[in-house]
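Chemist: Mind looking at a prediction? Sequence and model below.
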Amino acid sequence: MSRFFFTHRFLILRRISQITLLVLLIGANRWGWKIITGNLTFSELFEKIPLTDPFALLQVFAAGASVKQTVAVGALIVALFYVFLGGRSFCSWICPVNLVTDAAGGIRRGLKMDFEDEDGFIRLSRNVRYWMIGISLILSMLLGVAAFEFISPVSMMHRGLIFGIGFGWMAVGMIFLFDLLAVRNGWCGHLCPLGGFYSLIGRNRLIQVRHTADLCSRCDRCIAVCPEKEILSEVGKQSGTISHGECVLCGRCVEVCEENALRFGIRKILKRRKT
Ligand code: SF4
Ligand code: SF4
C-alpha cells in the first residue's frame, strides 16, 4: 500500500489540491466560508488577496471593457506566480477539467487505444491551442465580450460545480469523449487556449523536471504517461531539464521512473551546481 502512495504521490497531491479548491469555493457559495470566494476567473483569498485569471483579463481588455484596479492586481499576482514558479502547473494542480482528461487518458492507456500515433486516426497539431489564443482575443475584440470565457468548458465546469451544474456536465461529457475517442490529450494538449497561454508565460519557471540520462534504462514508462510526450523526446539520450512550457508539472514521469532518472528541481539551484 505504501508503494502505491509513493508511486502516485504527486497524483494524490494534485487531486487533493483540485478537490480542496472546489470544496472551498462550493463552501463559500453555499455556506459563506471566507477562505477563498469567487470562481476560477476571479476569486479572493481571505477576502483580501485578489486572484484573477490573466488570460480572462486579456480578453476583457481586448473587448474594450475596463476593470477595477483589484482585478488587475489579481491578474498580476497570478501571472507572476506562473511566470516565475509554477509554469503551466495550473493545468494539472488547479483546473477541474484535468480530472476528466486524466480519466479519459487512463482509460485510453488501459484499453491501448493510442491508435492515432501509428495510423493517423485523427491528427491535430498541438499548435492549435496557440492559434486559439489569437482567435479568442480577436473574437473578444469583435464581439465586445471575453469570448473564450463565454464558452470555456473550464469555466462552465467550474461554475457548474460551484453554482449548480447546468451546461457544465455537457461540456465535461464532450471533453471526455473527445479525449477518449478522438485525440490523446485532445483538449488540454491541443485545443485549450488557457493551457496554451500558461505554456507561453511559464517557459522560464523555476520548477522543472530534471533528467539524468546515465540512470535511464529507456523503458519509456515516462513517455507512456506524459500528457505532452513530445517534450520527453530527449529522455535516455541526454541529461538536462525538461524546460518546455508545455510541461504541466504533473509529476507522473517522476512517479513512474523506477531508475530515479527524473526528478523535480529548481532551475537556479541546478545551474549553480553545474558551475
Ligand atoms: S521511466 Fe525513467 S528509466 Fe524509463 S525511459 Fe523514462 S527516464 Fe528512462
Ligand atoms: S514531463 Fe513529466 S511533469 Fe511534465 S507533463 Fe510530462 S509527465 Fe508531467
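Modeler: That came through fine. Residues are numbered from 1 along each chain as shown. Ligands and ions are numbered 1, 2, ... in the order given.
Chemist: dump the residue contacts of the residue in the stretch 51-200 of the chain positioned nearest to ligand 1.
Modeler: Residue of the stretch 51-200 of the chain nearest ligand 1, by Cβ to the nearest ligand atom: Arg109 (14.5 Å). All C-beta atoms are positioned from the backbone trio N, CA, C, and that covers glycine. Contact analysis of Arg109 by Cβ atoms under 8 Å, 6 or more residues apart in numbering lists 224-225.
Chemist: where in the protein is pLDDT low?
Modeler: The chain contains residues with pLDDT under 70 at 1, 114-121, 162-167, 268-275.
Chemist: which SS class is Leu22?
Modeler: Assigned with DSSP: H, G, I helix; E, B strand; the rest coil, Leu22 falls in the helix class.
Chemist: wait, it sits on Val97?
Modeler: No. Using Cβ atoms under 8 Å, Leu22 is not in contact with Val97, being 11.8 Å away.
Chemist: neighbour count winner among the two?
Modeler: The residue with more neighbours, out of Leu22 and Val97, is Val97; 26 against 18, by other Cβ atoms under 10 Å.
Chemist: ok, that one touching Pro153?
Modeler: Yes. If you go by Cβ under 8 Å, Val97 and Pro153 touch, sitting 6.1 Å apart.
Chemist: Find residues that contact each of the two.
Modeler: With Cβ under 8 Å, 6+ apart as the test, Val97 and Pro153 both reach 172, 175, 187.
Chemist: Just give me the closest of these to Ile35.
Modeler: Val172 (25.3 Å; Cβ to Cβ).
Chemist: Assign Leu137 to helix, strand or coil.
Modeler: helix.
Chemist: Which neighbouring residues are in contact with the residue nearest to it when sequence neighbours are not counted, exactly?
Modeler: Residue nearest to Leu137 in three dimensions, not counting chain neighbours: Ala62, with 4.5 Å by Cβ to Cβ, 6 or more residues apart in numbering. Shown in contact with Ala62 (Cβ under 8 Å, 6+ apart): 137-138, 140-141, 146.
Chemist: Show me which pair in the residues you listed is furthest apart.
Modeler: Ile138 and Ala146 (12.5 Å).
Chemist: out of these two, which sits in the busier spot?
Modeler: Neighbours were counted for Ile138 and for Ala146 using other Cβ under 10 Å; Ala146 has more, 25 against 12.
Chemist: where does Leu51 sit relative to Leu40, distance-wise?
Modeler: 9 Å (Cβ to Cβ, to the nearest Å).
Chemist: okay, those two: which has more neighbours?
Modeler: The neighbour count for Leu51 versus Leu40, taken as other Cβ under 10 Å, is higher for Leu40 (25 against 19).
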